[in-house]
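> Give me the fold of what follows.
(one chain, ligands or ions: 1)
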Amino acid sequence: MVKTPIYMDYHATTPIDQRVTDVMLPYFSNCFGNAASRNHTFGWEAEEAVENSRKSIAQAMGARTSEIIFTSGATESNNLVLLGACSMYAQKGNHIITAKTEHKAILDTCEFLESSGVEVTYLPVGEDGLIDLNQLADAMRENTILVSIMAANNEIGVLQPISEIGAMCHEKGILFHTDAAQALGKMPMHVEEMNIDLLSFSGHKIYGPKGIGGLYVRKRKPRVKLSPILHGGGHERGMRSGTLNVPGIVGLAKALEICMDEMEEENKRIGSLRDRLEKTLLTEIDFSYLNGHKERRLIGNSNISFNYVEGEGLMMAIPDIAVSSGSACTSASLEPSYVLKAIGRSDELAHSSIRFGLGRFTTEEEVDYVIEKMIAGVKKLRDLSPLYEMVLEGVDLATVEWAEH
Ligand SMILES: *Cc1c(COP(=O)(O)O)cnc(C)c1O
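All right, here's what the predicted structure looks like:
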């Protein structure tokens, strides 16, 4: 028997790898020093742990050690990039370019910046979730200071053409930031080869702890500077003050090391489980549609709309399986997923979507269990659905005139 509940929501967060917890533990007890204490061994020990971690993280993305700064996570890193660049480069311009499908940590920050006079272009995406590079070129202006495009999307997993975007930015002297919270550790990321100036990442998306993350800030060609959003003490090259989270940093580095060491093998395994889940659901369940690009996407991602069932209801029908839905009921706002809307999905299809996120600890038995429960769950709900019945009877719902009361 498979052990339940089953976790299949790896884009929301990942379980901590035991190997990560193990290396963190001493930093909660004996090694409690403040990495900024310069006068005793407690401080030196903590500082050494932080600097070793910084070095290892830098290596994982082809950066120099001093180009990594630690933050509380990708939300903070994204805020620091947008607010910090707009403030630092206000002389140069006040225009930034991003995409409609970015994480809320980008979109909400952009909205905030707009209220203080920054101009923001939100690029649309195609049905596959990709931005159009011609539209990006057209959007670039004299006063554009920053382009921020995520490496991998957290809902549909689509992978944007980061190297190409970076090259276009560098040609125009515009800074390029990428939110790589979902990408780093899951696919090769190299800041030089991909022309990246700023890169946000997070511990808890890569089997590390929550509340720790970081930012790569390019130091040469060009030397990037950001105004801090937190002041006090001048830690992290003056860009992020605050006593460093030493256990978190050690855990983050270990988590990324494991990801880098095991990426190839792990991706093969997760990819075949994902394909098995996806192929079976799409063939066994009629009126089901894959959302986003079929190939260019995160290996553990499968986002599927099951028409004529409501995502929220479907999740209630499979209570021992943890997934997400683009249905409105699952979000604070009343709108269905803005990402699915941006790729042109109707409200109905956005409402009926389920995001499966597979990862390191997903097993074949779990996948088979999820397949079985999903097929039964969709069938159960559709058996109760008058719409589905009408469709089976050949009624074209688009032509139905619904009585109003
Ligand atoms: C999870 C996530 C974030 C937020 O990261 P936190 O470390 O939880 O603040 C930002 N962007 C993307 C794409 C994410 O998936």
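> Within its local environment, how many residues does N30 see?
By other C-beta atoms under 10 Å, 10 other residues sit near N30. Backbone N, C-alpha and C define where each C-beta goes, glycine included.
> Look up phi and psi at S353.
Here the main-chain torsion angles of S353 (degrees, to the nearest 10) amount to phi -90, psi 150.
> Please name the residues that touch the nearest residue to it once chain neighbours are set aside.
Once flanking residues are discounted, S353 sits nearest to G326: 4.0 Å by C-beta to C-beta, 6 or more residues apart in numbering. G326 makes contacts with 155, 291, 303, 305, 311, 336-337, 339-340, 350-351, 353, 355, as judged by C-beta atoms under 8 Å, 6 or more residues apart in numbering.
> Equivalent analysis for G93, please.
Residues in contact with G93 (C-beta under 8 Å, 6+ apart) are R141, E142, N143, T144, I145.
> ok, the last one touching S87?
No: under the criterion of C-beta atoms under 8 Å, I145 makes no contact with S87, lying 10.4 Å away.
> quick one, which of these two is more surrounded?
A count of neighbours by other C-beta under 10 Å puts I145 above the other of I145 and S87, at 21 against 15.
> Can you give me every residue that contacts the more buried one?
Applying C-beta under 8 Å, 6+ apart to I145 gives the contacts A85, C86, Y89, K92, G93, N94, H95, I96, I174, L175.
> quick revisit: for the contacts of G326, please prepare a markdown table with the additional fields pLDDT.
Formatted as a markdown table, the contacts of G326 follow (pLDDT from 0 to 100):
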| residue | pLDDT |
| --- | --- |
| E155 | 98 |
| N291 | 98 |
| N303 | 98 |
| S305 | 98 |
| G311 | 93 |
| P336 | 91 |
| S337 | 94 |
| V339 | 97 |
| L340 | 97 |
| A350 | 95 |
| H351 | 94 |
| S353 | 97 |
| R355 | 97 |
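> need the residues of the protein near the ligand, please.
Contact residues, the chain versus the ligand (C-beta under 6 Å from any ligand atom): 73-75, 103, 105, 150, 154, 179, 181-182, 202, 205, 213.
> Which single one of the residues you listed is nearest to T363?
Of all the residues of the chain next to the ligand, K205 has the smallest distance to T363: 20.4 Å, by C-beta to C-beta.
> neighbours of the closest one, just the number please.
28.
> And it, how far from E364?
Distance of K205 to E364, given as C-beta to C-beta, to the nearest Å: 23 Å.
> And V391, by the same measure?
34 Å.
> Can you report phi and psi for T144?
Dihedral angles for T144 - degrees, to the nearest 10 - are phi -80, psi 120.
> Could I get the full set of strands for this structure?
For the chain, the strands defined by DSSP state E occupy 6-7, 68-71, 95-99, 119-123, 144-148, 175-179, 198-202, 213-217, 288-290, 301-306, 321-322, 324-325, 353-357.
> Please tell me which one of the contacts of I145 counts the most neighbours.
Counting neighbours by other C-beta under 10 Å, I96 leads those with 29 neighbours.
> Who is S200 paired with across the strands?
Here S200 sits in beta bridges with D179, L215, going by DSSP bridges.
> quick one: contacts for it?
Per C-beta under 8 Å, 6+ apart, neighbours of S200: A74, S77, N78, V81, H177, T178, D179, A180, A181, G213, G214, L215.
> Need the per-residue pLDDT for it.
pLDDT for S200: 98.
> residues contacting S385?
S385 neighbours (C-beta under 8 Å, 6+ apart): Y308, V309.
> Renumber starting at 37 from here on
Shifting the count to begin at 37 puts that one at S421.
> what's the longest helix in this protein?
The longest helix of the chain (DSSP state H) is helix 282-320.
> Which other helices and strands does it contact?
The elements that helix 282-320 packs onto, with contact taken as 3 or more C-beta pairs under 8 Å, 6 or more residues apart in numbering; DSSP states H and E, are helix 54-60, helix 77-96, strand 104-107, strand 324-326, strand 337-342, strand 389-393, helix 400-419.
> Perfect, that will be all.
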